[in-house]
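J.: could you look at this predicted model? Sequence included:
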Amino acid sequence: MNSPIDGFGRKGSDLVAGNYTVGSATSVFSVSELRLCFWPIVATIALGFLVILPTALANSLAVRIMGMERVSAMPWIALYANHLVQLLVALLLIGWLSKGRFSEYGLQWPKGKSYVVAAIAWGAFFGVLMTIVDYFPQILARHALGDLPLTALNLAGWLSFEGFFVGFSEEIPFRGLLQTFLMKRSSGRIRFLKFDMHVAGVILALLFALAHVSNFWERPFWFALGQQGYAFALAILYAYWYEKSGSLLASIVGHNVGDVVEYALMFLMAWLWR
């Protein structure tokens, strides 16, 4: 039997016939070749905490150096700081786990189809969708977003962070490190119609959605549900592109495009309705 990491690029037709937990080779939806244990999932979550926890120190350092007033006025300063720490920690862990073979964790050019065009198109679509879900009342009321000062520095800070840096600093830790770590320690294919992917990508998408469950206590139910929905869908897309191409390129591009489109629309609304 192939090792779990061989899930990159495998087709549903490559699976051993009859080894289905849910569905069959001819059904619309199926789960096959499932070998999943509790402890690898716990270890993946723990690894995620190792990546995220040092970011609190970066936030504190940014406030100490820049001052609370400036960081509050330009939150992207702290985001650059904590995401840089998150990225560096993830790269160190990838280097340690792979013994320096970074390409095993998606840090390479795509092998074959890159999915970059699809990433740009889907990123733009979800950027518009996220804006509607997140700011629907303000859009209906044509109400300006008051927490986005329209200064050249603020525009440059937000758009450079969301349009370039966020993809690297989130996809390398979450898809590159965590998804690959779990794929190496589990197996299983989930298929819907002609699309199939490793179960690890779906598990991480669910964990990502659960990490934002507090939105249901902070926002109206339908808005929080919409956020959960698009967060899960995006995580599935990022995982799929990574697995099929063997590279994080499309995931990074799609993440950057989606976020920068939303922030560009936010600035446009702030300018039109101020």
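T.: Yep, that arrived.
J.: so what's the residue count around residue 62?
T.: Residues lying near residue 62 (other C-beta atoms under 10 Å) number 20. Just so you know, the C-beta spots here come from the backbone N, C-alpha and C atoms, and that holds for glycine as well.
J.: my guess is it contacts residue 72. True?
T.: No: Residue 62 is beyond contact range of residue 72, at 11.1 Å (criterion: C-beta atoms under 8 Å).
J.: please enumerate the strands of the stretch 101-250 of the chain.
T.: 187-192, 195-198 (DSSP state E, counting those that start in this stretch).
J.: report all helices and strands that the last one contacts.
T.: Right, the one you point to is strand 195-198. In this structure, strand 195-198 makes packing contacts with strand 187-192, helix 221-245, judged by 3 or more C-beta pairs under 8 Å, 6 or more residues apart in numbering; DSSP states H and E.
J.: if we use 10 Å, what do you get?
T.: strand 29-35, helix 180-183, strand 187-192, helix 221-245 (3 or more C-beta pairs under 10 Å, 6 or more residues apart in numbering; DSSP states H and E).
J.: pipe the strands of the stretch 101-250 of the chain into CSV and attach distance to residue 97 and mean neighbour count per row.
T.: Shown next, in CSV, are these (distance: least, C-beta to C-beta, whole Å; neighbours: other C-beta atoms under 10 Å):
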stretch, distance to residue 97, mean neighbour count
strand 187-192, 18, 20
strand 195-198, 18, 20
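J.: Throw those into CSV and include distance to residue 172, thanks.
T.: What follows is those, written out as CSV (distance: least, C-beta to C-beta, whole Å):
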stretch, distance to residue 172
strand 187-192, 24
strand 195-198, 18
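J.: quick check: which of those is nearest to residue 150?
T.: Checking those against residue 150 by C-beta to C-beta gives strand 195-198 as the closest, at 41.4 Å.
J.: list the pairing partners of the closest one within its sheet, with orientation.
T.: Using DSSP bridges, the strands paired with strand 195-198 are strand 187-192 (antiparallel).
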